[in-house]
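Asker: The amino acid sequence is not available; the structure is as follows:
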Ligand code: YXS
């Protein structure tokens, strides 16, 4: 059974994440289907993409599939990790991607939403960045996505508390472009997509790539990179990292020791 529903109309491609049994947890299988859909849209000459969950959903996505996180000794968010592959696929999609967000956005799904070019959310949407809740050492590229979207004090609050923020705060911060009532959000998003489709796809795709390159342009020395990787390894090799994953699987609160 497919984990997504896709549709194309008037050069607009829609991807509906449709694995509600696991709250659209970003499993390798779900991510593979989304990236294949983006590839197919590119081949079809699609000029704008809408990424969403089924209308009326309570959970847009529960984030990285925790059952697929390595249980220690290996970077859980390495270059080829499915979540990283998906983030890059969205950022490198020549067609702008509009995130139509209803319900809760959790963990790595927040980065997926923030990797999209335009975000339109329903009033009950919430955003929670949760590595600290699981004992996960978020990766450099992921933190850069967050830093590019959220002022540092708020990014730190979200990362350190792992608590959801309401859509009003996300709108106030400029993380989402619009908040629209659920009975208006679809026509609004597809109207936005149509206005993109009406413009020059070459100009848009080049400006999108320019903005991606500029926003990721950071100088970092090899020593700095290796120090950061060493620090992150302390985390994903720790008891707390294994405890966070185990506790989720056992449906209990984790007991973190700081080791
Ligand atoms: O018990 P069954 O088999 O029915 O499965 C349950 C959950 O285990 C499963 N599920 C997940 N499976 C893998 N990975 C997930 N992230 C995940 N989330 C949920 O889906 C079935 C229904 O879940 P349930 O009963 O909890 O649904 P609910 O409606 O009561 O609650 C929905 C949520 C999203 C509030 C709740 O499922 C939840 O808190 N999920 C975890 C959210 C989270 O912490 N995500 C972060 C994942 S780690 C990640 O994204 C990055 C690595 S990081 O941590 O660095 O940001």
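Answerer: Perfect, I can see it now. What you see is a predicted model; the values in this text were computed from it and never measured.
Asker: Next to the ligand, which bits of the stretch 51-200 of the chain? Give me the list.
Answerer: Along the stretch 51-200 of the chain, the residues adjacent to the ligand under the rule CB under 6 Å from any ligand atom are 59, 62-67, 104, 106-108, 130-131, 133-134, 136, 138. Where you see a C-beta, it was placed from the backbone N, CA and C, and this is true even at glycine.
Asker: Buried among those? Make that a PyMOL selection.
Answerer: To isolate the buried members of those in PyMOL, using 16 or more other CB atoms under 10 Å:
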select buried, resi 59+62+63+64+65+66+104+106+107+108+130+131+133+134+136+138
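Asker: isn't residue 20 right next to residue 57, touching?
Answerer: Yes: between residue 20 and residue 57 there is a contact under CB atoms under 8 Å: 7.1 Å.
Asker: any common contacting residues for these two?
Answerer: The overlap between the contact sets of residue 20 and residue 57 (CB atoms under 8 Å, 6 or more residues apart in numbering) is empty.
Asker: neighbour count winner among these two?
Answerer: residue 57 (20 against 13; other CB atoms under 10 Å).
Asker: what stretches of the stretch 151-259 of the chain score poorly on pLDDT?
Answerer: Applying pLDDT under 70 to the stretch 151-259 of the chain flags no residue at all.
Asker: Would you map the helices across it?
Answerer: Listed in chain order, the helices of the stretch 151-259 of the chain (DSSP state H, counting those that start in this stretch) span 152-161, 167-173, 182-197, 201-215, 222-236, 239-249.
Asker: What residue in the stretch 151-259 of the chain comes nearest to the ligand?
Answerer: Going by CB to the nearest ligand atom, the ligand is nearest to residue 248 of the stretch 151-259 of the chain, at 6.7 Å.
Asker: The residue nearest to that residue when sequence neighbours are not counted and residue 254: what is the separation?
Answerer: Nearest residue to residue 248 in three dimensions, chain neighbours excluded: residue 66, at 5.0 Å (CB to CB, 6 or more residues apart in numbering). From residue 66 over to residue 254 the distance is 12 Å, taken as CB to CB, to the nearest Å.
Asker: which residues do these two both contact?
Answerer: Taking CB under 8 Å, 6+ apart as the contact rule, residue 66 and residue 254 both touch 134, 248.
Asker: Residue in the protein with the shortest distance to the ligand?
Answerer: Nearest to the ligand, among the residues of the chain, is residue 107, at 2.4 Å (CB to the nearest ligand atom).
Asker: If I look at that residue, what pLDDT would I see?
Answerer: Model confidence at residue 107, expressed as pLDDT, equals 97.
Asker: List the contacts of it.
Answerer: When contacts are counted by CB under 8 Å, 6+ apart, residue 107 is found next to 62-64, 128-131, 134.
Asker: so which pair among the residues you listed is furthest apart in space?
Answerer: Using CB to CB, the two most remote members of the contacts of residue 107 are 62 and 131, lying 14.0 Å apart.
Asker: got the contact list for the residue lying closest to residue 26 once chain neighbours are set aside?
Answerer: Nearest non-adjacent residue to residue 26, counting by CB to CB, 6+ apart: residue 64, 5.3 Å away. With contacts defined as CB under 8 Å, 6+ apart, residue 64 is in contact with 25-26, 76, 83, 107-109.
Asker: Take the residues you listed and keep only those in helices.
Answerer: If you go by DSSP state H, the contacts of residue 64 have 83, 108-109 in helices.
Asker: Same list (the residues you listed) but as TSV, adding distance to residue 259.
Answerer: Converted to TSV, the ones in helices among the contacts of residue 64 look like this (distance: CB to CB, whole Å):
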residue	distance to residue 259
83	26
108	25
109	29
